[in-house]
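S.K.: Kindly generate the corresponding structure for this input.
(4 chains)
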Number of protein chains: 2
Amino acid sequence: MSIIRRTKSVNIILSIFEDRHEAQSVVDLVEQLKGQMNKTTVYRILERLENEGTIHSFSGTNGLKWYAKCHQCSTHQHNDIHPHFECQDCGKVECLDVNIAIPKIDNHSIESADVLLKGQCADCIG
Amino acid sequence: MSIIRRTKSVNIILSIFEDRHEAQSVVDLVEQLKGQMNKTTVYRILERLENEGTIHSFSGTNGLKWYAKCHQCSTHQHNDIHPHFECQDCGKVECLDVNIAIPKIDNHSIESADVLLKGQCADCIG
DNA sequence: AATGTTATTGCAACCTAGTTGCAAAATTAA
DNA sequence: TTAATTTTGCAACTAGGTTGCAATAACATT
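M.R.: Numbers count the residues shown, from 1 in each chain, chains lettered A, B, ... in the order given. Take a look at the predicted model:
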């Protein structure tokens, strides 16, 4: 595993995750950073930051890829299972700071769980 | 909502879900049915069967779309929340017949939950 | 500060899952 | 058997994501 360099592009992306605590979809990041860097670069930096353990990824609606720097999680441990929440009204996606009980299933060994909750976020709730 | 016709293609797809109780990925179905029907037809029949309530869909790893005729579920109700399980060794995907407790989240209204468990299935468990 | 080594970037081309419009063919109701 | 409506195939397209490669930027060393 190579050392990840703090290039200008890496710092731009890192600062986005510092500034905004919600999860970011890759599609939005690519769009937003158009003009500053190539979309391939965005994909590759996100991948590197994930390998490094700085951010983690998951799938949202329609299998779109999202990344988040989860501020609740311990800095170097994204292994704990927390659900993600996608607001059906405004589209915002967040990491939830709760633990999900993984059910025991007969004759199955379960190694991970992806949980995506959907509904209305604090801002959009009537 | 229009009435869905029992065409030859619809029956072929229905019989696949009758014969095999595991979930089917759309990609596999398209590949498997190549020669019998067009891929557009596969997508459209699956969509119609889902609208009809005969099968239900969900996302697997990498956001790939899967469909299942869930034999545990009541025939006309796929609304209950059950997790799906994807075997990391053989790739098989199944509906699990357990209920997942949806956590209450402060200031959020939760309307649905997608739960994808990953690990080893009964056949692949060491 | 200049050098060499290695990691990173941009670009263009590509891949694959999934969608669309439309004319032709198949179902179903009359 | 006809008429109305749904379904299908086809080809073209969209969009998210990946790849190979040459050019460039970081960084450790001198």
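S.K.: which residues touch the residue nearest to A:Q88 when sequence neighbours are not counted?
M.R.: Distances taken as CB to CB, 6 or more residues apart in numbering or on different chains put A:K118 closest to A:Q88, at 5.5 Å, once the chain neighbours are dropped. From N, CA and C alone the C-beta is placed, and that goes for glycine too. Residues near A:K118 by CB atoms under 8 Å, 6 or more residues apart in numbering or on different chains: A:T61, A:F85, A:E86, A:C87, A:Q88, B:I110, B:E111, B:S112, B:A113, B:D114.
S.K.: can I assume A:K118 sits in a strand?
M.R.: Yes - under DSSP: H, G, I helix; E, B strand; the rest coil, A:K118 falls within a strand.
S.K.: Just the buried subset of the contacts of A:K118, please.
M.R.: For the contacts of A:K118, a burial check counting by 16 or more other CB atoms under 10 Å in any protein chain shown picks out A:T61, A:F85, A:E86, A:C87, B:I110, B:A113, B:D114.
S.K.: helix/strand/coil for the fifth one?
M.R.: Per three-state DSSP, the local secondary structure of B:I110 is strand.
S.K.: which other helices and strands contact the lengthiest helix in chain A?
M.R.: Across chain A, the longest stretch assigned as helix under DSSP state H is helix A:39-52. In this structure, helix A:39-52 packs against helix A:8-19, helix A:26-33, strand A:56-59, strand A:65-68, with contacts taken as 3 or more CB pairs under 8 Å, 6 or more residues apart in numbering or on different chains; DSSP states H and E.
S.K.: what about it and DNA strand D, touching?
M.R.: Yes - using CB under 7 Å from any atom of the strand, helix A:39-52 reaches DNA strand D at A:K39, A:T40, A:Y43, A:R44, A:E47.
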